[in-house]
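Asker: What follows is a predicted structure for the sequence shown.
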Amino acid sequence: MKSAIQIDDLSYTHPGSDFRALEHVSLAAPAGQSIALLGPSGAGKTTLLTLLDGRLRGWRGRASVLGASLDPDHPPARARRPDTGFVFQEFALVERSSVLRNVLNGRLGRMSPLRAVLWRPTSRDLNLARAALADCGLADLAERRVDSLSGGQRQRVAIARCLSQEPRLILADEPVSNLDPARATEILTLLTGAARARGATVIFSSHQPDLARRFADRIVGMRDGQIAFDVAVDDLSEAATVELYREAGIPPGTGLRAVS
Ligand SMILES: Nc1ncnc2c1ncn2[C@@H]1O[C@H](COP(=O)(O)OP(=O)(O)OP(=O)(O)O)[C@@H](O)[C@H]1O
């Protein structure tokens, strides 16, 4: 089976930090898998997702995403990696723009530079954006301004924007931590279901083992910048989860974050 990501011996320290955010991390993900990154605050989950999204410089090791090697000295521009979609915890939408316009922003990396600068989507761009809106249950909200939406609706817009890119890899950084439990379940059902329907790989981070168990095929536990365990979902033990959150000051599964 083809790898969606292959990373070997990755280490990274944020500029100005005394600690390694990632330390000798190796991970391979076959195409189509749903992986949850679990671990306490500061474990390195965001750093790993950001690195896989090609946004960090100066790391050590080897990383290949969707068959293309990442260069730690020359990260690719966003427009050159449309196959990778990113869903942010804080949605990262243009608040004063319409839902449709936000979703079409996901097509920018697929447009010619001239079309992107002039903001002239093709009819294919529009069709894909409308299809993504429909998939996310937002067809009736296409013309609404994002700043009039609820948190759950905003995260649906962010997922629709990601899907309109036609991604083969979806990276999602705590996509449901700002949502209530019912909304969190809805959003992860949508995200992992859409990824499965498209054969895309999804890697999402979470503080909630119950959600990770429910929506991932595989759980990667991270702690102190390292991989503590990497198991199929059925093999995740309660003991491993408790150990992962030991000394973090929070019980696993509460969705609460430790104060750093
Ligand atoms: N921009 C930054 N500058 C300096 N250090 C950083 C920066 N971002 C993260 N770090 C440090 O890197 C380490 C890993 O942080 P990271 O955000 O990747 O963890 P996380 O597992 O995603 O945590 P959380 O669950 O709270 O989002 C932490 O020690 C953090 O303080």
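Answerer: Here it is on my side, so go on.
Asker: dump the residue contacts of the nearest residue to Gly44 once chain neighbours are set aside.
Answerer: Nearest residue to Gly44, sequence neighbours excluded (CB to CB, 6 or more residues apart in numbering): Gly225, at 4.3 Å. For the C-beta atoms, the positions are set from N, CA and C on the backbone; glycine is no exception. Going by CB atoms under 8 Å, 6 or more residues apart in numbering, Gly225 touches Phe19, Arg20, Ala21, Leu22, Glu23, Val25, Ala43, Gly44, Thr47.
Asker: Equivalent analysis for Thr13, please.
Answerer: Phe19, Arg20, Ala21.
Asker: my guess is Phe215 contacts Glu186, does it?
Answerer: No - in this structure, Phe215 is not within contact of Glu186 by CB atoms under 8 Å, at 11.3 Å.
Asker: the more surrounded of the two?
Answerer: Higher neighbour count among Phe215 and Glu186: Phe215, with 23 against 17, using other CB atoms under 10 Å.
Asker: got the contact list for the more buried one?
Answerer: Going by CB under 8 Å, 6+ apart, Phe215 touches Ser34, Ala36, Leu188, Thr189, Leu191, Thr192, Phe204.
Asker: Which of the residues you listed has the largest number of neighbours?
Answerer: Tallying neighbours with other CB under 10 Å puts Ala36 at the head of these, with 29 neighbours.
Asker: which secondary structure element contains that residue?
Answerer: Using DSSP states H and E, Ala36 falls within strand 34-38.
Asker: That strand pairs with which strands?
Answerer: strand 201-206 (parallel), strand 218-223 (parallel) (DSSP bridges).
Asker: For the last one, report the contacting residues that lie outside it.
Answerer: Yep, that's strand 218-223 we're talking about. 27, 33-40, 43-45, 48, 209, 212-213, 227-233, 236, 240-241, 244.
Asker: Likewise for stretch 27-34?
Answerer: With contacts defined as CB under 8 Å, 6+ apart, stretch 27-34 is touched by 1-7, 35, 168, 192, 195-196, 199-204, 215-218, 220, 227, 230.
Asker: Can you flag which of those residues belong to helices?
Answerer: Thr192, Ala195, Arg196, Phe215 (DSSP state H).
Asker: residues touching the first one, list them.
Answerer: Right, Thr192. Ser34, Val202, Phe204, Phe215, Ala216.
Asker: switch the cut-off to 6 Å
Answerer: The contact partners of Thr192, by CB atoms under 6 Å, 6 or more residues apart in numbering, come to Ser34, Val202, Phe215.
Asker: Might one say that the second one is in contact with Ala195?
Answerer: Yes - the pair Val202 and Ala195 passes the contact test of CB atoms under 6 Å, sitting 4.0 Å apart.
Asker: Would you mind listing the residues touching both of the two?
Answerer: Shared contacts of Val202 and Ala195 (CB under 6 Å, 6+ apart): Ile170.
Asker: Contact partners for the residue nearest to His14 when sequence neighbours are not counted?
Answerer: Leaving aside its chain neighbours, His14 sits nearest to Ala21 (5.5 Å; criterion: CB to CB, 6+ apart). Contacts here follow CB under 6 Å, 6+ apart; on that basis Ala21 touches Tyr12, His14, Gly44, Thr47, Gly225.
Asker: which ones among these are found in strands?
Answerer: In strands, judged by DSSP state E, the following of those are found: Tyr12.
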